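*Asks:* build me a structure from this.
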Amino acid sequence: MNTNRLLIGLVIALVIAFLLSSFVYKQFEKASIVKPTSTQNLVVAAVPLPLGTRLDASNVRLIQWPANQQVAGMFTRVEDVANRAIITPLAENEPVLEGKLAPKESGAGLSATIPEGMRGVSVAVNEVVGVAGFVTPGTMVDVLVTGRMMGGANTGQGDITRTILENIRVLAAGQKVQQDREGKPQTVAVITLLVTPDEASKLTMASTDGKIQLALRNTVDSKKIDPPTIQQADLFTASGPKLTIKPSGGGKKSAAPPPPPPYVIEVITGNKRENKSFPNAKDH
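*Replies:* Numbers count the residues shown, from 1 in each chain. Modelled structure (predicted):
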């Protein structure tokens, strides 16, 4: 009797184990089946592309991209980006997006990278003005100008230096629009700055009638502080009490001579003697 019960229990256990193993196997089988994901084309850069490059079939290509992961401004056909210039450098396999392209009528090169309403103005520089060659494309600078004060109450106090532009982007150094990947300086004779039309007028006047200096700044430091104008007299006037300038024809003023001593007369009245003083005639 006991043997039969053991056999029945063993059979039941085997059946349960079989059912569990079948369930687990089916779950693993379902998990191993990868459902096909629908894809679509995405236009990307085929090679690293510098700013201003005109796109065509030789420098872009198509890759497969998940259809359910749309990217704002993406393109699915090469012909949609052909003959358009990029306004920012692109790395290999980086998607080509609408926001990275110049308008179709903008052409290519540096002009295509200038936003609407802005201007590119070039100024002559040397190694000092160009901050030892570290003013390169993409960096931010302030523009200072030094010149002679013209008219006004401060005329005659020498040169002044003032900051006329702040946080200005460098478009090009010479004919290069790409910054050196290793950050090496570039010694050039001309720097092109991205400015508004009003700033373009100021910059042109400063570079024509004064001496300009570029001040390199951190690209993340965009705060404008409007520093005060510095006059030559502020730097080269002695500190401390001001000196009194004497008239050109006068020497050191001599001290007034002491008055002459008065006359003393002894007056005798009886047995009384008395000294009386009388002013010297020169006192009158």
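
*Asks:* tally of neighbours for Thr39?
*Replies:* For Thr39, the neighbour count with other CB atoms under 10 Å is 13. All C-beta spots, glycine's among them, are computed from the backbone N, C-alpha and C.

*Asks:* what bridges to it?
*Replies:* Per DSSP bridges, the residues bridged to Thr39 are Pro66.

*Asks:* which residues touch it?
*Replies:* Thr39 makes contacts with Gln64, Trp65, Pro66, Ala67, as judged by CB atoms under 8 Å, 6 or more residues apart in numbering.

*Asks:* which of those count as buried?
*Replies:* Trp65 (16 or more other CB atoms under 10 Å).

*Asks:* can you redo the contacts of Thr39 as a markdown table with pLDDT?
*Replies:* Formatted as a markdown table, the contacts of Thr39 follow (pLDDT from 0 to 100):
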| residue | pLDDT |
| --- | --- |
| Gln64 | 93 |
| Trp65 | 92 |
| Pro66 | 90 |
| Ala67 | 88 |
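
*Asks:* what's the closest of the contacts of Thr39 to Asp80?
*Replies:* Asp80 lies nearest to Trp65 out of those, by CB to CB, at 14.8 Å.

*Asks:* my read: the closest one touches Ser38, true?
*Replies:* No. If you go by CB atoms under 8 Å, Trp65 and Ser38 don't touch, sitting 10.4 Å apart.

*Asks:* now the helices for the protein?
*Replies:* In the chain, the segments counted as helices under DSSP state H are 2-32, 197-209, 232-236.

*Asks:* for these, which one ends up most surrounded?
*Replies:* helix 197-209 (a mean of 15; mean count of other CB atoms under 10 Å).

*Asks:* using PDB, list the CA coordinates for that helix.
*Replies:* Only the C-alpha atoms of helix 197-209 are listed here, as PDB (Å, rounded to 0.1, in the frame of the first residue of the first chain):
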ATOM      1  CA  PRO A 197      25.700  96.600 -38.600                       C
ATOM      2  CA  ASP A 198      26.000  99.200 -35.900                       C
ATOM      3  CA  GLU A 199      29.000  97.400 -34.400                       C
ATOM      4  CA  ALA A 200      30.500  97.200 -37.900                       C
ATOM      5  CA  SER A 201      30.500 101.000 -38.100                       C
ATOM      6  CA  LYS A 202      32.200 101.300 -34.700                       C
ATOM      7  CA  LEU A 203      34.800  98.700 -35.500                       C
ATOM      8  CA  THR A 204      35.600 100.300 -38.800                       C
ATOM      9  CA  MET A 205      36.000 103.800 -37.300                       C
ATOM     10  CA  ALA A 206      38.100 102.400 -34.400                       C
ATOM     11  CA  SER A 207      40.500 100.500 -36.700                       C
ATOM     12  CA  THR A 208      40.800 103.500 -39.100                       C
ATOM     13  CA  ASP A 209      41.300 106.400 -36.600                       C
END
